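Peer 1: turn this into a structure:
(2 chains)
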Amino acid sequence: MIILTGNDLETGDVVWWTGSGWSRRVADAAFVEPGEGPEQAAGIMHREMTSRAVNGAYEVDAEDGEQGPVPSHIKERMRAAGPSVRPDLGVQAEG
Amino acid sequence: MATMYQYDQYDQQMVDARVAEFRDQVDRRLSGELTEEQFTPLRLMNGLYLQLHAYMLRVAVPYGTLSSQQMRMLAEIARKYDKGYGHFTTRQNIQYNWIQLKDAPDILDDLATVEMHAIQTSGNCIRNISSDQYAGVAADEVCDPRPYAELLRQWSSFHPEFSFLPRKFKIAVIASPGDRAAMRLHDIGIEMVRSEAGELGAKFFAGGGMGRTPMIAPCVREFVPVDELVSYSEAILRVYNRWGRRDNKYKARIKILVHETGADEFRRQVEEEYERMQPLDLDPPRAELERIEAFFAPPAYERLEDGYDTDDPDFRLWAQANVTAHKVPGYAAAAISLKPVGGIPGDASAEQMDIVADLAQRYSLDEVRVTHAQNLILPNVKQADLHALWQELEAAGLGTPNLDLASDIIACPGLDYCSLANARSIPVAQKLSQRLSGRERDLGELKIKISGCINACGHHHAGHIGILGVDRKGVENYQLLLGGSGAEDVSLAKITGPGFDEDGVVDAVETVTNLYLEQREEGERFVDTYRRLGMAPFKEALYG
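Peer 2: Okay, the predicted model is just below:
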């Protein structure tokens, strides 16, 4: 399954597509279908990057976890949480 | 005032103009006038990356020299625009991990007020020129290498011919037979030397590097007169710019060109280019070199005697590990370890940076150096002040007595921060330092270097013990390497065999150090024992 991520253009924060906007919490992410259509992955990313709602959007493989989507790869889990060596920083520090 | 280059009006105008230009570019990106594709090369030219968690700004510290005023500004930036800390890197620079795009022009403006910038800390250009952290004070140097590093910094800044090289380009300048800058692992390595007649000049090496294809740079010329450093460097760059591959980024560094061309043929081409360039008279007049050299004239040292009291056993431990001889009697260079046991290598909080700035002002004639091993140096401390300095460092959590010992580990940011990384480096460094610190004095000099990917920012090829993090089907895995060195006994480490998981590689390092303790002969460091015994017994100990 696929979720979408990118960075906030102004702040650089890691953000995730929720179906209606972008959230800093991966648990808010919505699964999307691949494809070019307006509500499919490529269509959403194109629209959102063109309007500068997000920067550098791309697709991420994810699984459905108890709290919501969980990225499959450690790199994306790290992006979602913050550095493992600084639990006081990033989204992980916000509880 | 610190012994360092001071901007003239042209330097300041160049930097100020670049900040204004970048402010306009950021505004145009935020307003949508520039696409990300258009903007990316512009921000990279100003050291601004988009990393794993946020924008990352890499600030240049030319040849690792800072004044206390500059260090205070680095602290202020960490506090005002980041999350209260910075990370000192293996190119003697500092990186901030949590920068916002809208703040970047203001940060560069602030840096410009203390004669600093982030220009050419990214991109396929000549990067920050590195040097010996003990430049100017080392007992074994033939001269202070920094005036020549500064000359090359000025030559290479905004050099139009070398702004779009096939790949990034790194230069190191040293002036000692002892290599504390991994000089031969650079695209160009320059060792200042004196001829038999006593004339100052430079020995040039080219084609070294780490990354996915590590190479030790061969010598391309034994002696270049000191007033021809620019033209000889330019000759090397021209040959590289002409023939370096642009079709494959993995084969684009000069090391590949030198290797594939052959050192003799490469040397011939450089010499031919050098000859052709002579009528162009590219080198600056002697007066310009003297103008730069004057900034690095030795400060007003007092006449002092060598010797200081080491009755305090904890102080003695620190002094033995972290204090280095100075060429002026009664002075010493003191290392501030940024490797607390279990800590993050190279990180310093804003408060610690302020403390270091204050200590530099009071104890070190206003100077701080950044080392490629991610530590700091106070280069001009009176030996009589060492105990008081140590007490203040201890109080600030900066008194770890471990320079060049097992817990003084180089580690790249790895997967905790870097979008290129395949595995985390920092947690491995933390576990290793906790595991080995208790017996590191017995282990003696041991350089452990960890990279989280093949790009080798953690210099794993040059580690007595190197660790390379790889991605094995989505799981972090660590290859172990032995026998590297970035010093004057330069060598490339070799992989022991199959990799390990995070805890497994910590155990593996302990295993090889145990074998060293069993097998070492009098006076041998780990790397000496490895070189004498070869890989076989270490492999046997690791894999049975």
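Peer 1: quick check: the gap between B:V505 and B:G484.
Peer 2: To B:G484, B:V505 is 16 Å away according to C-beta to C-beta, to the nearest Å. Placement of C-beta: from N, CA and C, glycine included.
Peer 1: oh sorry, the question was meant for B:E367
Peer 2: 31 Å.
Peer 1: which of the two has more neighbours?
Peer 2: B:G484 (26 against 23; other C-beta atoms under 10 Å in any protein chain shown).
Peer 1: and the stretch 101-250 of chain B, which of its residues are near chain A?
Peer 2: B:L101, B:K102 (C-beta under 8 Å from any C-beta of the partner chain).
Peer 1: quick one, helices of the stretch 101-250 of chain B?
Peer 2: Secondary structure of the stretch 101-250 of chain B by DSSP state H, counting those that start in this stretch: the helices cover B:104-112, B:146-156, B:229-243.
Peer 1: what's the most buried one of those?
Peer 2: Each of the helices of the stretch 101-250 of chain B was given a mean neighbour count from mean count of other C-beta atoms under 10 Å in any protein chain shown, and the largest, a mean of 24, is that of helix B:146-156.
Peer 1: taking the stretch 401-544 of chain B, what residue is nearest to chain A?
Peer 2: B:D416 (3.9 Å; C-beta to the nearest C-beta).
Peer 1: surely that residue is in contact with A:M78?
Peer 2: Yes: B:D416 is within contact range of A:M78, at 6.7 Å (criterion: C-beta atoms under 8 Å).
Peer 1: so what sits against both of the two?
Peer 2: Residues touching both B:D416 and A:M78 (C-beta atoms under 8 Å, 6 or more residues apart in numbering or on different chains): A:S84, B:L52.
Peer 1: which residue is nearest the centroid of chain A?
Peer 2: A:W16 (2.4 Å; C-alpha atoms, centre = their mean).
Peer 1: close to chain A: what parts of chain B are there?
Peer 2: Residues of chain B lying close to chain A by C-beta under 8 Å from any C-beta are B:29-30, B:32, B:36, B:50, B:52-55, B:83, B:98-102, B:344, B:415-417, B:419, B:421, B:424, B:426-427, B:430, B:474-476.
Peer 1: residues in contact with the residue nearest to the residue of the stretch 401-544 of chain B closest to chain A when sequence neighbours are not counted?
Peer 2: Of all residues not flanking B:D416 in the chain, A:P83 sits nearest, at 3.9 Å (C-beta to C-beta, 6 or more residues apart in numbering or on different chains). For A:P83, the contact set (C-beta under 8 Å, 6+ apart) comprises A:L89, A:G90, B:H53, B:D416, B:Y417, B:I426.
Peer 1: how about the strands in chain A?
Peer 2: A:2-7, A:14-17, A:22-23, A:55-65, A:68-71 (DSSP state E).
Peer 1: which helices and strands does the longest helix belonging to chain A pack with?
Peer 2: Using DSSP state H to define each element, chain A has its longest helix at helix A:41-50. On a contact count with 3 or more C-beta pairs under 8 Å, 6 or more residues apart in numbering or on different chains; DSSP states H and E, helix A:41-50 meets strand A:2-7, strand A:55-65.
Peer 1: most tightly packed of those?
Peer 2: Neighbour counts (mean count of other C-beta under 10 Å) averaged over each of these peak at strand A:2-7, with a mean of 23.
Peer 1: show me what that strand is packed up against.
Peer 2: Using 3+ C-beta pairs under 8 Å, 6+ apart: strand A:2-7 touches strand A:14-17, helix A:41-50, strand A:55-65.
Peer 1: so can I have CSV of those showing mean pLDDT?
Peer 2: Listed next are the helices and strands packed on strand A:2-7 as CSV, based on pLDDT from 0 to 100:
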stretch, mean pLDDT
strand A:14-17, 98
helix A:41-50, 96
strand A:55-65, 97
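Peer 1: excluding chain neighbours, what is closest to residue 56?
Peer 2: All of this is about chain A. In space, A:G56 is closest to A:G6, 5.2 Å off (C-beta to C-beta, 6+ apart).
Peer 1: not quite, I wanted chain B
Peer 2: Nearest non-adjacent residue to B:M56, counting by C-beta to C-beta, 6+ apart: B:Y49, 4.6 Å away.
Peer 1: Provide the secondary structure category for the one you found.
Peer 2: Under DSSP: H, G, I helix; E, B strand; the rest coil, B:Y49 falls in the strand class.
Peer 1: and it, how many neighbours?
Peer 2: Around B:Y49 there are 22 residues (other C-beta under 10 Å).
Peer 1: now, the residues of chain B next to chain A that are in helices?
Peer 2: Filtering those for helices - DSSP H - leaves B:R29, B:L30, B:E36, B:I426, B:P427, B:Q430.
Peer 1: the fifth one and B:E502 touch, don't they?
Peer 2: Think B:P427. Yes: under the criterion of C-beta under 8 Å, B:P427 makes contact with B:E502 at 6.5 Å.
Peer 1: for the two, indicate the residue with more neighbours.
Peer 2: Using other C-beta under 10 Å, the more surrounded residue of B:P427 and B:E502 is B:P427, with 21 against 16.
Peer 1: now do the strands in the stretch 51-200 of chain B.
Peer 2: Secondary structure of the stretch 51-200 of chain B (DSSP state E, counting those that start in this stretch): strands located at B:55-59, B:65-67, B:85-88, B:94-99, B:130-131, B:171-174, B:188-194, B:200-206.
Peer 1: which residues touch the shortest one?
Peer 2: With contact meaning C-beta under 8 Å, 6+ apart, strand B:130-131 is reached by B:63-64, B:91-92, B:145-146, B:149, B:170-174, B:181, B:186, B:372.
Peer 1: do me a favour and average the pLDDT over that strand.
Peer 2: The average pLDDT for strand B:130-131 rounds to 98.
Peer 1: return the distance of it from the chain's centre.
Peer 2: Distance of strand B:130-131 from the chain centroid (C-alpha atoms, centre = their mean, to the nearest Å) equals 7 Å.
Peer 1: then the fourth one?
Peer 2: Here the centre of strand B:94-99 is set off from its chain's centre by 17 Å, with C-alpha atoms, centre = their mean.
Peer 1: how many neighbouring residues does residue 73 have?
Peer 2: Chain wasn't specified; assuming chain A. So A:H73, with other C-beta under 10 Å, has 13 neighbours.
Peer 1: try again with chain B
Peer 2: Count around B:M73 with other C-beta under 10 Å applied: 23.
Peer 1: again with A:T50
Peer 2: A:T50: 10 neighbours (other C-beta under 10 Å).
Peer 1: mind checking how far it is from B:Y308?
Peer 2: In terms of C-beta to C-beta, A:T50 sits 66 Å off from B:Y308.
Peer 1: if we only consider the contacts of A:P83, which is nearest to B:A78?
Peer 2: A:L89 (12.9 Å; C-beta to C-beta).
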